[in-house]
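Provide a 3D model corresponding to the input given below.
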Amino acid sequence: MENRNVSNLAELKAEITRVRLQQFEQEAVLHQHVEDITEKLRTPIKVFDKLGLWVKHDENASHGAKAANPQEHQDWVTAVLRLGLPFAINKFFLPKSGFLMKTLVTLASQKAAANVNKDLITEWTDKITGIFKSKGTSRRKSINPYPDYGIPPDSETY
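Numbers count the residues shown, from 1 in each chain. Sure thing, here's the model as predicted:
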């Protein structure tokens, strides 16, 4: 900051004009810096928004409703499988395969993962546990078809 000696009105007006011009230039530079920072932050925000929409649970998807766009109706299990399944297959089962093979496997596994949702996994889990439960309960079946409540069936209470 400079101290300038102003001796007359013309110099004062010139100094005011110079300071306003300097203020305008600094505001323009700061505005440009804000624009640059905002533009740099827009890309991660867009990515997080798309991930949020992709992972978002939709109530219609859980009821089996299909839409024209399959990405509209998917739950978090589908989203995780669509990301993780191609990576796992390419990393562990096809580590030395070529680009074309990895691309085809990625497309096929994403299509397969789009058909899997948490309701399907719950259904599979219930079927598997039902197999084990039915074996366990068949051994414990009671011979008497009438449950014993401690009250003789022919007694009358008034």
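
Longest helix in the chain, by number of residues?
Counting residues, the longest helix found in the chain (DSSP state H) is helix 9-55.

Check which helices and strands that helix sits against.
Here helix 9-55 touches helix 76-88, going by 3 or more C-beta pairs under 8 Å, 6 or more residues apart in numbering; DSSP states H and E. Glycine gets a C-beta too; all of them are placed from N, C-alpha and C.

for the helix it packs on, packing partners?
Short answer (3+ C-beta pairs under 8 Å, 6+ apart): helix 76-88 packs on helix 9-55, helix 99-114, helix 118-139.

and the first one with helix 76-88, angle?
Relative orientation of helix 9-55 and helix 76-88, computed by axes from the mean of the first three to the mean of the last three C-alpha atoms, to 10 degrees: 90 degrees.

The last one too?
Per the same axes, to 10 degrees, the angle that helix 118-139 makes with helix 76-88 is 100 degrees.

would TSV of the helices and strands packed on helix 76-88 with mean pLDDT and mean neighbour count be doable?
Converted to TSV, these look like this (pLDDT from 0 to 100; neighbours: other C-beta atoms under 10 Å):
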stretch	mean pLDDT	mean neighbour count
helix 9-55	86	10
helix 99-114	83	14
helix 118-139	76	10
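
With H33 as the reference, measure out to E39.
According to C-beta to C-beta, to the nearest Å, E39 and H33 sit 11 Å apart.

And I89, by the same measure?
Distance from I89 to H33, by C-beta to C-beta: 45 Å.

A114 too?
A114 is 43 Å from H33, where distance means C-beta to C-beta.

Distance from the chain centre to the longest helix of the chain, please.
Relative to the chain's own centre, helix 9-55 is displaced by 33 Å; criterion: C-alpha atoms, centre = their mean, to the nearest Å.

Does P86 touch L104 like I think?
No - shown here, P86 and L104 do not form a contact pair, counting by C-beta atoms under 8 Å, at 10.5 Å.

returning to that earlier point: wait, which of the helices and strands packed on helix 76-88 is closest to V77?
Set against V77 and scored by C-beta to C-beta, those come closest in helix 118-139, at 4.4 Å.
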